[in-house]
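Chemist: pasting a predicted model and its sequence here:
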Amino acid sequence: MKKYIVIATALLVSACASNPVQPPLALTLTPVIASQAAANHLSVQMSSKDSRSQQYIGVVDSGAKNVEEFQPAENIAATFQNALTKQLASEGIKVTPSASSNIAINIEKALVNVKQGLVKYDMNSELQIALVVTTPKGTFSKQYSARSTKQEPLKVKREDIAQSLEKMMNSVLNEIANDGELRQYLTENL
């Protein structure tokens, strides 16, 4: 009987010592919808990948080896691709698998890093996305990035982490929508 009590106690202690698994964070992106299509009858394939070494998008370090990692509810490359597909469709560029040109999205950095103190937290967020457009006439590539810092009182909330990454991804979508160089390349080479 003592053996079972010792085993149960050991399991209970080890369960309490491990970090709890955080539920995944859902990201909601807002593509920039054009009021009028600038291009007609243009089509492109689209692909995306997440080339980051880690799969979490948020990490909260509360000190004393207490670190919580937050995973996305969906692959963030696919989330960004879906938003960009809607954005391009509003501009008159159709995404189809049979197109001869391709837009490749590569998520290079996407992390919300939080240092949690007793009475405040410091949040540093970074996003870097590479866009490569390959057409029969050539290749166009560009990196888009966003950074933000924030210091707030009390304890960070899950929603704060998701909102920080959403704001940066929406900022990059806006930058892509207003990128004259990219727009010119697409209209001249698709």
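Modeler: Perfect, thanks for sending it.
Chemist: other SSEs contacting the longest helix along the chain?
Modeler: Ranked by residue count and defined by DSSP state H, the top helix of the chain is helix 158-177. Counting contacts by 3 or more C-beta pairs under 8 Å, 6 or more residues apart in numbering; DSSP states H and E, helix 158-177 packs against strand 58-61, helix 76-90, strand 102-116, strand 120-135, strand 138-153. From N, CA and C alone the C-beta is placed, and that goes for glycine too.
Chemist: how about 10 Å then?
Modeler: strand 58-61, strand 67-70, helix 76-90, strand 102-116, strand 120-135, strand 138-153, helix 180-189 (3 or more C-beta pairs under 10 Å, 6 or more residues apart in numbering; DSSP states H and E).
Chemist: give me the angle between that helix and strand 120-135.
Modeler: Here the directions of helix 158-177 and strand 120-135 differ by 30 degrees (axes from the mean of the first three to the mean of the last three C-alpha atoms, to 10 degrees).
Chemist: returning to that earlier point: of the helices and strands packed on helix 158-177, which is nearest L29?
Modeler: helix 76-90 (4.0 Å; C-beta to C-beta).
Chemist: give me the contact list for the helix or strand that the closest one is followed by.
Modeler: Downstream of helix 76-90, the first helix or strand assigned by DSSP states H and E is strand 93-95. For strand 93-95, the surrounding residues in contact (C-beta atoms under 10 Å, 6 or more residues apart in numbering) are 34, 37-46, 81-82, 84-89, 99, 101, 103, 183, 186-187, 190.
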